[in-house]
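Undergrad: The sequence isn't on hand, but the structure is:
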């Protein structure tokens, strides 16, 4: 829940969104001004941030895409 709260309150900006056949590619700028790339497919998700890379779970950048961009908070 803490990551979701950070995704909802921190300043994270969507820079690009590109849709392919079975894949969405996003670029977001985090609060630290670093730029991260995300990929979403029907079966997988990824982010280039250290949190996702080390823990292999949802990071605040992926939660930002789901909660604020896609408006899916449940």
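TA: It's in. What you see is a predicted model; the values in this text were computed from it and never measured.
Undergrad: From now on I want contacts and neighbour counts done on CA atoms only, so please keep to that.
TA: OK.
Undergrad: Run a quick neighbour tally on the residue lying closest to residue 23 once chain neighbours are set aside.
TA: In space, and not counting its chain neighbours, residue 23 is closest to residue 41: 4.6 Å by C-alpha to C-alpha, 6 or more residues apart in numbering. If you count neighbours by other C-alpha atoms under 10 Å, residue 41 ends up with 13.
Undergrad: residue ranges for the strands of the chain, please.
TA: All strands of the chain, identified by DSSP state E, fall at 13-19, 24-29, 35-40, 45-47.
Undergrad: which of those strands sits most buried?
TA: With neighbours taken as mean count of other C-alpha atoms under 10 Å, these reach their highest mean count in strand 45-47, at a mean of 20.
Undergrad: Mind giving me the packing neighbours of it?
TA: Here strand 45-47 touches strand 35-40, helix 60-64, going by 3 or more C-alpha pairs under 8 Å, 6 or more residues apart in numbering; DSSP states H and E.
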